[in-house]
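> Got a predicted structure here, sequence first:
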Amino acid sequence: PAGFFPLFLNMAAKKTEVTMANSNRDMKLANALMKRYPIFTIHEIMRFKEEFDEFDIDGSGDIDKYEVMQMFEKFGEKVPKKAAVAMIQLYDQDGEGTIGFDEF
């Protein structure tokens, strides 16, 4: 995916070992996203999903400003709430104030 969050994908990948998720729900989502973004393989999309799940600390299916702040803290950076909100707004396509996987 293009945008700000791939930076975090790379940072997180350095700190964690990525494994393939095998749930039917994730596979269905990955197949749907492959149709939307044909440049990615199923393995790449599943890796993106695993990285997204690292950000989605509460498991809600969306990344909110607090989760952005917590992820930065994991990497030793402190981000003010205002900056986290601004990051979310850059990629929040549906206006919900969060980043869903399809926006990631």
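Sure thing, it's come through. Numbers count the residues shown, from 1 in each chain.

> middle-most residue in this structure, spatially?
Central residue of the chain (Cα atoms, centre = their mean): residue 52, 3.0 Å from the mean position.

> for stretch 64-81, which positions count as buried?
The neighbour-count check on stretch 64-81 (16 or more other Cβ atoms under 10 Å) flags 64-65, 67-72, 79 as buried. (Glycine included, C-beta is placed from N, CA and C.)

> Ignore what I typed, I meant stretch 34-53.
Within stretch 34-53, the residues scored as buried using 16+ other Cβ under 10 Å are 40, 45-52.

> what do you get for stretch 93-104?
For stretch 93-104, the neighbour count (16+ other Cβ under 10 Å) marks 98-101, 103-104 as buried.

> Residue 64 reaches residue 98, doesn't it?
Yes: using Cβ atoms under 8 Å, residue 64 makes contact with residue 98 at a distance of 4.9 Å.

> tell me, what's touching these two both at once?
Contact criterion Cβ atoms under 8 Å, 6 or more residues apart in numbering; residues shared by residue 64 and residue 98: residue 88.

> after the helix or strand of the chain with the lowest mean pLDDT comes which helix or strand?
Least confident element among the helices and strands of the chain, by mean pLDDT, DSSP states H and E: helix 5-15 (a mean of 58). Sequence-wise, the next helix or strand downstream of helix 5-15 (DSSP states H and E) is helix 24-36.

> Now do the same for that following helix: mean pLDDT, whole number.
Helix 24-36 carries an average pLDDT of 72.

> Only alpha carbons, please: show that helix as PDB.
Output of helix 24-36 as PDB, limited to C-alpha atoms (Å, rounded to 0.1, in the frame of the first residue of the first chain):
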ATOM      1  CA  ASN A  24     -10.500 -18.200   6.500                       C
ATOM      2  CA  ARG A  25     -11.600 -14.600   7.200                       C
ATOM      3  CA  ASP A  26      -8.100 -13.300   6.600                       C
ATOM      4  CA  MET A  27      -7.700 -15.400   3.400                       C
ATOM      5  CA  LYS A  28     -11.100 -14.100   2.100                       C
ATOM      6  CA  LEU A  29     -10.000 -10.500   2.800                       C
ATOM      7  CA  ALA A  30      -6.600 -11.100   1.200                       C
ATOM      8  CA  ASN A  31      -8.300 -12.500  -1.900                       C
ATOM      9  CA  ALA A  32     -10.600  -9.500  -2.100                       C
ATOM     10  CA  LEU A  33      -7.600  -7.100  -1.700                       C
ATOM     11  CA  MET A  34      -5.600  -9.000  -4.400                       C
ATOM     12  CA  LYS A  35      -8.400  -8.100  -6.800                       C
ATOM     13  CA  ARG A  36      -8.300  -4.500  -5.700                       C
END
